[in-house]
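**Q** Quick one: sequence plus predicted model below, questions after.
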Amino acid sequence: MAEDDKPESGFVKEIRKQSVDFPGWYNDVVRKAQLADYSPVRGCMVIRPYGYAIWEKIRDPLDGLIKETGHENWYFPALIPLSFLLKEAEHVEGFQPEFAMVTRGGGKDLEEPLVLRPTSETMIASVLRNYIQSYRDLPVLTNQWNNVFRWELRTRLFLRTLEFLWQEGHTFHETGAEAEEEVARMLEQYRRIAEEWCAVPVLAGRKSDSEKFAGAQYSTSIEGMMMDGKALQMGTSHYFGENFTRAYDLTFTGRNNERQYPHSTSWGVSTRMVGAVVMAHGDDSGLQLPPRIAPVQVIIIPIFRSDTERSQIEASLQQVLADLEDIRVKVDWRDERPGFKFNEWELKGVPLRIEIGPRDLAKGEATVVRRLNRVKQTVPLNELGVAIPAMLEEIQAALFTRGREFRDAHTVKLDSLEAMVRFFDTSIGFVITPWCGGEEDERTVNDQTKATTRVIVAGSEGKGRPCAVCGRPATVEVVWGKAY
RNA sequence: CGGGGCGUAGCGCAGCCUGGUUAGCGCGCUUGCUUUGGGAGCAAGAGGCCGCGAGUUCGAAUCUCGCCGCCCCGACCA
């Protein structure tokens, strides 16, 4: 290893440096912070308790937002008859290469193979046709939390695995307009989870035709910028029109007494969001968690040399813990040296550390340290109950602001292919250009820069400007980036 | 599927080219003592089908052939 590749001595050992080897750094952080690990099965991961706890901190508020907007949780089978999946032509074409199939059961070949769901549009449409008869039955607003399987060729922990956890919402509406409102409403919930909980600023907008979901009329997504300047799609919301309901002969009798097809939508957010948090906030010391989704928001490190000192600290902590009862606090009493604990909890991304030792106790104080910048300050013990929640909120906001500033500093507006090629050759980040919408332009740009269109800027118009790639009149502005 | 790399203790690796006693090192683990405000020190321990299978040889972690698995870089994707 070159000198620069070596883990930094001093604060953190055994993690490759983010600036030198981003993918290596990501892997080290995910595994050493004990979020997840490889498993006995290729491409599948074990999510460890700390990683799962972060997922729960994202999942629970999202579940709340989904319910607040009128949806109900269902559960549908994980095994889908192959024939179900073959009914919608584009959907088949998009997903068939990724099918994992069960062909035997009970010791016999199955009459019809069962596919481990890659997504549940086909199952849900097949089931809901029994429950939807009249316009009075609409809308049907379903959601389910589950696992899905996609036989990806190349996998990465949290970002792309053969099996992953997510929620998939599926809704059915009387009119297209109503369904399109739903698509936008759920994308907005995703934006809120990403920005307000995960502190990752995102661009929300429509995908180009070549990037849309297989079977959708159009797709929308939220896209975040990771610390290496690459884009990560963090959630999607799709409008299907009548595509799926026609394919599955799902009809209702309308107000005019005519049989019609409902307009449907689907939307999903996955455990990939955990990977986004790692890559958007982490640094050479490891993970950095926004307080709202941190399983441990405050780690208390007691420092003592004797049993007497230990019991003095224990006694004073009683009141401190009572004052912080609304905060997720953990006291690390393990028989390790303080320096070891400092580093370990920084690796695990805990936003605030409180050190309490004999020196602090003598003055009735505690030492409080921010993970964000390692700034230390002393706070009187009886003020912690007020100071800590305020600091957590400030850190939550600071992470988001820092992320937005980073993104803005790495986003440029360009108007020629040459400039785009030069940018992606020498820089990292997003490029915004006028675009005519032509798919061949996307291929051209991808061939020369590896970048793809991420989202079409909402409400943008070309305003008669020429397309940056081909020069024809532009119709929109689009964001380009290298994507995960 | 194309290109590259790697399988030796829980983890990370050396040994292999040039075959030869009992396979080594670091971390981790166990026990004890000393330590404890930025990854502690000493001592004593435990832990191996050297990926699998054939072959060559008096003798294989090491050489040959085959197989399997994983990782990284591309094409496909939440």
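**A** Now that the structure is in, tell me what you want to look at.
**Q** Which residue ranges of the stretch 151-300 of chain A form helices?
**A** Here the stretch 151-300 of chain A has its helices, by DSSP state H, counting those that start in this stretch, at A:176-192, A:243-247, A:272-281.
**Q** Let's have those in TSV, adding mean pLDDT and distance to residue A:83.
**A** Where you see a C-beta, it was placed from the backbone N, CA and C, and this is true even at glycine. Formatted as TSV, those follow (pLDDT from 0 to 100; distance: least, CB to CB, whole Å):
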stretch	mean pLDDT	distance to residue A:83
helix A:176-192	98	26
helix A:243-247	96	12
helix A:272-281	95	30
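**Q** Spit out the contact partners of the residue of the stretch 351-484 of chain A at minimum distance from RNA strand B.
**A** Of all residues in the stretch 351-484 of chain A, the one sitting closest to RNA strand B is residue A:357 (2.4 Å; CB to the nearest atom of the strand). Contact analysis of residue A:357 by CB atoms under 8 Å, 6 or more residues apart in numbering lists A:302, A:303, A:304, A:309, A:313, A:367.
**Q** Would you mind measuring from it to residue A:383?
**A** 18 Å (CB to CB, to the nearest Å).
**Q** ok, now residue A:401?
**A** 25 Å.
**Q** Check residue A:464 too.
**A** Residue A:464 is 60 Å from residue A:383, by CB to CB.
**Q** neighbour-wise, which of those two wins?
**A** residue A:383 (13 against 8; other CB atoms under 10 Å).
**Q** Spell out the secondary structure type for the more buried one.
**A** Classification of residue A:383 by DSSP: H, G, I helix; E, B strand; the rest coil places it in helix.
**Q** give the contact list for the most centrally placed residue in chain A.
**A** Residue closest to the average C-alpha location in chain A (CA atoms, centre = their mean): residue A:273, at 1.9 Å. Applying CB under 8 Å, 6+ apart, we find residue A:273 in contact with A:55, A:58, A:193, A:194, A:198, A:234, A:235.
**Q** and those residues, which of them are in strands?
**A** A:234, A:235 (DSSP state E).
**Q** Excluding covalently adjacent residues, which one is nearest to residue A:160?
**A** Spatial nearest neighbour of residue A:160, chain neighbours left out: residue A:152 (5.3 Å); criterion: CB to CB, 6 or more residues apart in numbering.
**Q** RNA strand B contacts on the stretch 201-350 of chain A?
**A** For the stretch 201-350 of chain A, the residues in contact with RNA strand B (CB under 7 Å from any atom of the strand) are A:213, A:221, A:233-236, A:268, A:270-272, A:285, A:303-305, A:335-340, A:342-344, A:346-347.
**Q** okay, and for the stretch 1-150 of chain A, where does confidence drop off?
**A** Within the stretch 1-150 of chain A, the segments meeting pLDDT under 70 span A:1-14.
**Q** Now it against RNA strand B: closest residue?
**A** residue A:42 (2.4 Å).
**Q** Mind checking what secondary structure that residue has?
**A** coil.
**Q** quick revisit: let me know which of the helices of the stretch 151-300 of chain A is tucked in deepest.
**A** Counting by mean count of other CB atoms under 10 Å, helix A:272-281 has the highest mean neighbour count of the helices of the stretch 151-300 of chain A, with a mean of 26.
**Q** Output that helix in PDB with nothing but the alpha carbons.
**A** Extracted in PDB, the C-alpha atoms of helix A:272-281 (Å, rounded to 0.1, in the frame of the first residue of the first chain):
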ATOM      1  CA  ARG A 272     -30.300   1.700   0.300                       C
ATOM      2  CA  MET A 273     -31.200   4.800   2.300                       C
ATOM      3  CA  VAL A 274     -28.800   3.600   5.000                       C
ATOM      4  CA  GLY A 275     -26.000   3.500   2.400                       C
ATOM      5  CA  ALA A 276     -26.900   7.000   1.400                       C
ATOM      6  CA  VAL A 277     -26.500   8.200   5.000                       C
ATOM      7  CA  VAL A 278     -23.100   6.600   5.200                       C
ATOM      8  CA  MET A 279     -21.900   8.100   2.000                       C
ATOM      9  CA  ALA A 280     -23.400  11.500   2.400                       C
ATOM     10  CA  HIS A 281     -22.100  12.300   6.000                       C
END
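**Q** Having no further points to raise, I will conclude here.
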